[in-house]
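[1] predicted structure and sequence below. I'll ask about it afterward.
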Amino acid sequence: MTRKKEKRKKGQPISLSFFCFLFLAFCLLSSISISAKEVTKAQRDEVGKELACLCDTCPRRPLDECTCGYAQKQQARIDALLAQGNTKQQVIDAFIADYGKRVLSKPPAEGFNLLAWLMPPMVLIFGFFIVRSVLRTWSHAKPAPVAATAQPTQETDPYLDRLEQELRERES
Amino acid sequence: MLAQLGNFVLWLALATSAYAFIAAIISGRTKRLDLTQSTERAVYATFALCLVAMGVLEYLFLTDSFNVHYVATHSSRDLATGYKFTAMWSGMQGSLLLWAFILSGFNFFAILNTRAHRGSLASYATAIMAFTQVFFLGLIGVHENPFIELNFTPEDGQGMNPLLVHPAMAIHPPMLYLGYVGFIIPYAFAMAALLSKKLDEEWIRTTRRWTLFPWFFLGTGQLLGGKWAYVVLGWGGYWGWDPVENAALLPWLTGTAFLHSVMIQEKKGMLKVWNMALVAITFTLCIYGTFLTRSGVVSSVHAFAQSPIGPWFGAFVVVIVIFSCILLYTRLDMLKSKTHYESPISREGGFLLNNVLFLTATFAVFWGVMFPVISEAVTGDKITVSAPYFNAVMVPIGLLLLLLTGIGPLLAWRKTSSSSLKKHFAYPALLGLICGIVPAALGIRDVYALMSFAFSGFVTGTIFSEFHRGALARGSSSGESYVTAVINLTLRNKRRYGGYVVHFGIVLLFIGFTGNAFNQDIEAELAYQESATIGPYTLTYEGVTEEVKPLTVDLTTQLGVYKGGERLGTMWPQQKVYYKRQDQQRTTEVSIRSNLREDLYVLCQGFDKRADGQEVALFHVYVNPLVIWVWIGAWVITIGTVITMLPDPKDKARRRRVVGLPKEQEVVA
C-alpha cells in the first residue's frame, strides 16, 4: 500500500514532466519541420525573378534564369531563407540589406527611379501629340498639285497602277 | 618582320585615307576632275592597304607567330585552323582592324557605284567616309595596334576565349560589323546632299538602297548572336537584353523606321527633314553602340568592356551629333516639304505611327541601358535594369508594331474609305480572332501571348490577302496560273512584295518570341538509370564518357528521351574542360531536340556525389515552345530582303532619267 502510495506520489510529478517533455518534443519537432520546409523551384523562381545576378560576367540576368555558379549560390540562399519561413518580401529585403538596391532585377518604382518607368510611355504620348500636330499642319497646308511632286517611283509604276486598277474593277 | 610590314601598311592606309579626306573636300568644292580621280585612287589604295593589313594579321595567326602580342593573347597552337582564322577578330585590336577594313570596302564599292555620276554629292560623301576611316585607323595605330611585338617568343599562346569557339560566333561579329559600318553610306550621302545642296531624289534613292544592306546584316548579326547564346551560354534563352545586344538593336530600330518613312518622301516628297534626322540618328547610334561596347560605361557580358579608347568614341559621337545638327539646321529652308494630305486613316498616317512606335522603342532601350548610369549620377545609388524591365516596357510596344504591320499595307495613300477598310480587314480580322480565341479555349491565359497570336494571325491574313488579290488580278489579265502569277507579281514588284515577305518573317519571329511565355524548366540530379520528367518528356540518365582532345576533355553524358513510354531518341549534353588553360575553364555544350512545337533543351551543369557516395550528374532541362520559329523567321526575312535587293532594270532606267547626266558631265575638267 505504502509502496503504492509512494508510487502514486512519485508518479504525479513524473507524469507531469512526461507531458511537459511531450509538449516540448512536439514544439521542437514542429520547429524542425518548419525549418526543413521543402522549397519548390516555383517558389524560389518567384523570388529569383525579382533579383539580379551580380557576378561580373552575366548581363545582370534575373536569378530565376541565370545558370552561372554565382547564381546557383544565390539560389541556394533563397532556398535557405524561404525554408526558414521567410516571406518573398523578407527574402528580397535580406538581399537588399546585403547588396543594396542594385540587387533588384528592375528599378524600384519609387523616387527618382520612377522615371525609368514613366519616361517610355511619356515619350510615346509625346510622339502621338507630335504626329497629331504634324497631321493638323498638313491638313491646313495648301495642297501641292500632284503633278508637281509626282516622281517616277515604284509606287507610280505603270504596272502597279494597272494592277491596282484591276483590283478595283474586281472588287467593285 | 611581317608584323612590321603590317604596322607600316596600317600607317600608310591612314595616310591615304587622310589624303582622300582632304582631296575629296577640295574636289567637292572645286569639282576638279583630276582631284576627284585622285581621291578615288586614294580610296582604292586605302582598301588595298587595309586588305594587306588584314592578310598579314591573318597570316600571323595561321603561322602561330606568338612574338606578336595580339596573336599570343588570342590564339594557341592547338586551335583548329578555322578558328585561328576567326581568332583574328576575337579581341579589341583585330576587331577594330576588321571594322576599318569593312569601312574601306564600303567606301571602295560606294565609289565604284557612284563613278557614273561624279560630282559634289559623291565627293562630299567620300570625304565623310574617309574622315571616319581616318578616325578608326588613327585609333588602331595609336591605341590598339595589333602588330605590336613582344621582346620574346612564348612557346604557346594563351588561346582563344573558349566561349567564342563556335561557328555562330565566328560569323556573328563580321555580320554585325557589316551592319554597323554599312550605315556610314546612307549617312555620308545624306550629309553630302546637305553639304552640296543637291537635295533632289537621287540622294534618297542611294540612301535607301544602301540602308537596306546594313539593316539586313545588323539584324542577321543579332540573330546569329542569339543563336550562339542559345547553344553556347546555356541559359535556355537567346536574348538577354545585355547592353551590347541593346546597342546593336538601337540603330536597327531607327534604320527600320527610316526604311518606312523614306517611302513617304519618295511618294509624296514629304518628311525630308525627318528622314535626314533618322539617317543621322542611326549612324550616331552605330558609333554610340561601339562606344558602349568598348568603353566600359555599362557592365556587359561582352569581353571588350574596358578600354582607353572609350572617350575617343564618346568624342566622335559628339562630333557627329554637332556636325549633323548644324548642317541640318542651316539647310532647313531647302528641305521644306511639299504637302498633300487628306486623312490620318491613310498610308501616310500609318507610316507616321510606325515611326513614333519605332522611335519610342529606341528611346525605351536607350533609356534602359543608360538609366543605371543616370540614376547613380543623380542619387548616388547603383541600380540594375535588366530583362524584366525591358520585357515589361518593350512587349506592349512590340505588339502595337505587330498590329500596325498588318494594318499599314491595307491603308491607301491619302485616304482610306471605310468601305475599303471593312472589305480588306474582314477576313484577316476573322483569322486574327480565331488565332486569339483558339489558344484561349485551350487554356492559355497570358494576355500578351493571346494578343501576339491574334495579331500574328491578323498580319498573316493581310499579307496573304495582298498576294492573293494581286495574283487574281494578274491572272485574270494575263491568263497566268495562280502560282506563276504570284511569282511574277513578286518579281515585278520586288520592293513591295519582298517587303511583305519580310513582314511575314517578322510575324514568325513574334510567334517564336511568344513561346517564351510558356517555357518550363527543371533541375535534376540523376544517378545512373534515374529519370526526371518535364512536360510530356521523361529523361533517363544512361552514363557518361570521357574523351581527351587536344584542347579539351569532353565529358559527354547520355540521356534517353521518352514520351508516353516510347523512346524518342538520345541526347548528349556535354561539359568541356579546357584542361590546358590555367583557369581550367569549363564550357557547356547543350543538347537540343527541336521540332516545330518546342525545343527540349538539356544542359549538363556538372557532376557530384551524394552523401552515400553515389555519383550523380546535374542537369538543367528546359522545354522551350516555338523557338524554332525564330530561326525560321530569320530565314524568311533573309529571303524577303534578298527579293527586295534584287537589281531592278526599271530602277536603273529611272536613275538615268532622274540624274539625266552623262558620266562626268558635272565635273569640271
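    Yep, it's here. Numbering: from 1, shown residues only, chains lettered A, B, ... in the order given.

[2] what's the average pLDDT for stretch B:553-568?
    Here stretch B:553-568 scores 94 as its mean pLDDT.

[3] in the one helix or strand B:T557 maps to, what's buried?
    Per DSSP states H and E: B:T557 is located in strand B:553-563. Along strand B:553-563, these residues count as buried under the neighbour rule (16 or more other C-beta atoms under 10 Å in any protein chain shown): B:553-562. Backbone N, C-alpha and C define where each C-beta goes, glycine included.

[4] cool, and stretch B:488-498?
    Of the residues in stretch B:488-498, those with enough neighbours to count as buried (16+ other C-beta under 10 Å) are B:488-490, B:492-498.

[5] intersect these with the contacts of chain A.
    Residues of the buried residues of stretch B:488-498 in contact with chain A (C-beta under 8 Å from any C-beta of the partner chain): B:489, B:492-493, B:495-496.

[6] so which strand or helix has B:L353?
    For B:L353, the secondary-structure element it belongs to, assigned by DSSP H and E, is helix B:347-379.

[7] what's the following helix or strand after that helix?
    Moving toward the C-terminus from helix B:347-379, the first helix or strand encountered (DSSP H and E) is helix B:387-407.

[8] helices and strands around that following helix, which ones?
    helix A:114-140, helix B:347-379, helix B:447-478, helix B:494-514 (3 or more C-beta pairs under 8 Å, 6 or more residues apart in numbering or on different chains; DSSP states H and E).

[9] tilt between the last one and helix B:447-478?
    It refers to helix B:494-514. Between the direction of helix B:494-514 and that of helix B:447-478, the angle (axes from the mean of the first three to the mean of the last three C-alpha atoms, to 10 degrees) works out to 150 degrees.

[10] report the buried residues of helix B:494-514.
    In helix B:494-514, residues buried by neighbour count (16+ other C-beta under 10 Å) are B:494-514.

[11] quick one: mean pLDDT for that helix?
    Mean pLDDT, helix B:494-514: 95.

[12] low-confidence ranges, chain A, go.
    A:1-37, A:141-172 (pLDDT under 70).

[13] how about B:Y177, what does it touch?
    B:95, B:98-99, B:102, B:221 (C-beta atoms under 8 Å, 6 or more residues apart in numbering or on different chains).

[14] how's chain B carved up into domains?
    Chain B resolves into domains spanning B:2-356, B:404-517+B:632-638, B:520-628 when parsed by automatic domain parsing.

[15] tell me which of those sits most buried.
    For the domains of chain B, the largest average neighbour count (mean count of other C-beta atoms under 10 Å in any protein chain shown) is found in domain B:2-356, namely a mean of 21.

[16] all helices for the stretch 101-250 of chain B, in order.
    B:120-142, B:167-182, B:184-196, B:201-228, B:243-268 (DSSP state H, counting those that start in this stretch).

[17] the first one packs against which elements?
    Pointing back at helix B:120-142 there. Contacts of helix B:120-142 with other secondary structure elements, assessed using 3+ C-beta pairs under 8 Å, 6+ apart, are made with helix B:2-30, helix B:33-62, helix B:92-114, helix B:184-196, helix B:310-330.

[18] as CSV, those with mean pLDDT and distance to chain A would be great.
    Supplementary listing: the helices and strands packed on helix B:120-142 in CSV, determined by pLDDT from 0 to 100; distance: least, C-beta to the nearest C-beta, whole Å:
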stretch, mean pLDDT, distance to chain A
helix B:2-30, 94, 26
helix B:33-62, 94, 26
helix B:92-114, 91, 18
helix B:184-196, 91, 16
helix B:310-330, 93, 17
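
[19] centroid-nearest residue for chain B?
    Most central in chain B under C-alpha atoms, centre = their mean is B:L218, positioned 2.1 Å from the mean C-alpha point.

[20] thinking again about what came up before, need the max-distance pair from the buried residues of stretch B:488-498.
    B:N488 and B:R495 (15.1 Å; C-beta to C-beta).

[21] now B:D612: which helix or strand?
    Counting by DSSP H and E, there is no helix or strand that carries B:D612.

[22] can you give me the helices for chain A?
    Secondary structure of chain A, counting by DSSP state H: helices at A:2-35, A:41-48, A:69-83, A:88-99, A:114-140, A:146-149, A:158-171.

[23] residues contacting stretch B:344-358, please?
    A:124, A:127-128, A:130-131, A:134-135, B:253-254, B:256-257, B:260-261, B:263-264, B:268, B:270, B:274, B:278, B:341, B:343, B:397, B:400-401, B:404, B:407-408, B:411-416, B:421.

[24] only C-alpha atoms, please: export that stretch in PDB.
    Coordinates of the C-alpha atoms in stretch B:344-358 are reproduced here as PDB (Å, rounded to 0.1, in the frame of the first residue of the first chain):
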ATOM      1  CA  PRO B 344      -5.000  60.300 -90.800                       C
ATOM      2  CA  ILE B 345      -6.500  57.000 -91.900                       C
ATOM      3  CA  SER B 346      -4.000  56.800 -94.800                       C
ATOM      4  CA  ARG B 347      -0.700  55.200 -95.600                       C
ATOM      5  CA  GLU B 348       1.000  58.400 -94.500                       C
ATOM      6  CA  GLY B 349      -0.700  58.300 -91.100                       C
ATOM      7  CA  GLY B 350       0.300  54.600 -90.800                       C
ATOM      8  CA  PHE B 351       3.900  55.400 -91.500                       C
ATOM      9  CA  LEU B 352       4.000  58.200 -89.000                       C
ATOM     10  CA  LEU B 353       2.500  56.000 -86.300                       C
ATOM     11  CA  ASN B 354       5.100  53.400 -87.300                       C
ATOM     12  CA  ASN B 355       7.900  56.000 -86.800                       C
ATOM     13  CA  VAL B 356       6.500  57.000 -83.400                       C
ATOM     14  CA  LEU B 357       6.500  53.400 -82.200                       C
ATOM     15  CA  PHE B 358       9.900  52.600 -83.500                       C
END
